[in-house]
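1. The amino acid sequence is not available; the structure is as follows:
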């Protein structure tokens, strides 16, 4: 979602006459798009802002103006801290307000001074109504269909920073998808903080779910690959599961966060599923499509997590055999219920558990990648590799693969035989 937001901000600025530059030293405008899921990301912002200030001062000495802006979830969560810790920031807007940037920049230009304001409203109107038409930047595009979350997991800031769930109308999504396809997209990844709770209205005002939207997307001429992320287990309906059987362009890879293998911890997290529910969903998915493989999110060291709870997480991993996963130490986020829970886990214990979990996850990832040796996979080539004549792309399972091939194949799908595999990537030869 952050990648999508950044690209939409860039689209908006291009329409105002701005051009992207590779070096921050050359930029008249620098915008930091931020995430507040973990403390490390938030602290990195202020470190980056410090470096941006030095560049701003150097440019000022040369008579050049530099405008610095901050957008995203850190602004929403720490609005007062932004200008207190970095008073040189010219403006800061939350993730639902970035469509106002063009007006803010116009005021700065007219007044010839920085705005010095923070905007964190939850507007009644949708930001999508004010954004320019989205166009493909390559063969793979993100398309936001849902934003916000109503689940209020006790560790998560998203409901507080992104607001309640909002789903874009079906026809609006399809129109954007058609533009993306017409400008070069072969693959579209539908995005949402809780994408499978999608409930957008169709042209007749009838509320539709994600399964309906996926079928409509599959009817679009020219679309060759379809994905959606991130899903919430309790919202995996039978109709959505059947999509993995019936929609041929829906890729056989699904990100479905479990977070913990302990029912006690899941309850403390306010997750609306238990481990048995989750495993039953996985079983249904595998039955619908035997080629389907899973990835997940895990949090270790959540308040109250015992060695037994952690062992149950390892057990769940051994049952599902994820081919990829994101795993993190629990990070206390101000304003969330978990931040003030008793029985906070020592940093040393969290670190040890994370290392054990990641070793297990990497082992399954490595085994799956090596099981692909000898297979022929369709690969969407998205960028040039480090070596001459090399392109890098992604398999249906989101694995990075590099192959020697003609540069004309960039942004195309070609068949590749996998010849080598490591934990993190594959290499192959073109057929």
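-> Looks like it came in fine. All values derive from a computational prediction rather than experimental measurement.

2. Which parts of the stretch 101-250 of the chain are strands?
-> 117-119, 140-144, 146-147, 166-167, 187-191, 225-229 (DSSP state E, counting those that start in this stretch).

3. which secondary structure elements does the first one contact?
-> It stands for strand 117-119. helix 79-85, strand 91-93 (3 or more Cβ pairs under 8 Å, 6 or more residues apart in numbering; DSSP states H and E). For glycine as for every other residue, the C-beta is placed from the backbone atoms N, C-alpha and C.

4. Kindly report the same for the third one.
-> Other helices and strands packing on strand 146-147, by 3+ Cβ pairs under 8 Å, 6+ apart, are strand 166-167.

5. Can you name the secondary structure element that comes next after the helix or strand containing residue 379?
-> For residue 379, the element it lies in under DSSP states H and E is strand 376-384. Following strand 376-384 in sequence order, the next helix or strand is strand 390-394 (DSSP H and E).

6. Quick one: mean pLDDT over stretch 319-332.
-> The pLDDT scores in stretch 319-332 average 96.

7. Ignoring the adjacent residues along the chain, who's closest to residue 123?
-> residue 96 (6.2 Å; Cβ to Cβ, 6 or more residues apart in numbering).

8. quick one: pLDDT of the one you found?
-> Taking residue 96 on its own, its pLDDT is 86.

9. Over to residue 123?
-> At residue 123, the pLDDT recorded in the model is 74.

10. starting at the chain centroid, how far to the longest helix anywhere in the chain?
-> Longest among the helix segments of the chain by residue count, using DSSP state H, is helix 347-371. Centre-to-centre, helix 347-371 and its host chain are 21 Å apart (Cα atoms, centre = their mean, to the nearest Å).

11. Equivalent analysis for stretch 138-148, please.
-> Averaging C-alpha positions (Cα atoms, centre = their mean) puts stretch 138-148 9 Å from its chain's average.

12. From residue 169, how far off is the residue nearest to residue 171 when sequence neighbours are not counted?
-> The shortest distance from residue 171 to any non-neighbouring residue, by Cβ to Cβ, 6+ apart, is to residue 203 (5.1 Å). Distance, residue 203 to residue 169, by Cβ to Cβ, to the nearest Å: 8 Å.

13. The two: who's more crowded?
-> Legend: neighbour count by other Cβ atoms under 10 Å for residue 203 and residue 169, higher for residue 169 (17 against 9).

14. got the buried residues for the strand holding residue 379?
-> 377, 379, 380, 381, 382 (16 or more other Cβ atoms under 10 Å).

15. How about residue 250: what's its closest non-neighbour residue?
-> In space, residue 250 is closest to residue 226, 5.0 Å off (Cβ to Cβ, 6+ apart).

16. Go ahead and confirm the one you found touches residue 253.
-> No. Counting by Cβ atoms under 8 Å, residue 226 sits too far from residue 253 to count as a contact (11.2 Å).

17. mean confidence for whatever helix or strand residue 282 lives in?
-> Using DSSP H and E, residue 282 falls within helix 275-288. Averaged over helix 275-288, pLDDT sits at 98.

18. cool, stretch 3-15 as well?
-> In the prediction, stretch 3-15 has an average pLDDT of 90.

19. Show me the contact partners of it.
-> Identification of contacts with stretch 3-15 by Cβ atoms under 8 Å, 6 or more residues apart in numbering yields 20, 29, 31, 33, 71-72, 95, 98-99, 101-102, 131-135, 137, 142-144, 191.

20. Just the buried ones from the residues you listed?
-> The neighbour-count test (16+ other Cβ under 10 Å) marks 29, 31, 33, 71-72, 95, 98-99, 101-102, 131, 134-135, 142-144, 191 as buried among the contacts of stretch 3-15.

21. show me where pLDDT drops low in this protein?
-> Applying pLDDT under 70 to the chain flags residues 124.

22. go again using 80 as the cut-off
-> Scanning the chain for pLDDT under 80 picks out the ranges 37-42, 79-80, 112-116, 119-126, 130, 132.

23. can I see the domain layout of it?
-> Annotated domains of the chain cover 2-119, 127-371, 376-430 [automatic domain parsing].

24. Determine which stretch of the strands of the stretch 101-250 of the chain is the most buried.
-> strand 146-147 (a mean of 26; mean count of other Cβ atoms under 10 Å).

25. Residue 34 versus the nearest residue to residue 130 once chain neighbours are set aside, what's the distance?
-> Nearest non-adjacent residue to residue 130, counting by Cβ to Cβ, 6+ apart: residue 99, 3.8 Å away. Between residue 99 and residue 34 the computed distance is 17 Å (Cβ to Cβ).

26. likewise residue 76?
-> According to Cβ to Cβ, residue 76 and residue 34 sit 9 Å apart.

27. can you check residue 179 too?
-> Here the criterion is Cβ to Cβ. By it, residue 179 lies 28 Å from residue 34.

28. So for the two, which sits in the more crowded spot?
-> residue 34 (25 against 16).

29. how close does the more buried one get to residue 45?
-> 5 Å.

30. Now the common contact residues for those two.
-> Common contacts of residue 34 and residue 45 (Cβ under 8 Å, 6+ apart): 70, 74.

31. and the gap between the closest residue to residue 232 other than its chain neighbours and residue 145?
-> Closest residue in space to residue 232, ignoring its immediate chain neighbours: residue 194 at 4.9 Å, by Cβ to Cβ, 6+ apart. According to Cβ to Cβ, residue 194 stands 11 Å off from residue 145.

32. Now do residue 144 against residue 426, distance only.
-> On the measure of Cβ to Cβ, residue 144 and residue 426 end up 29 Å apart.

33. again with residue 278
-> Counting by Cβ to Cβ, the gap from residue 278 to residue 426 is 28 Å.
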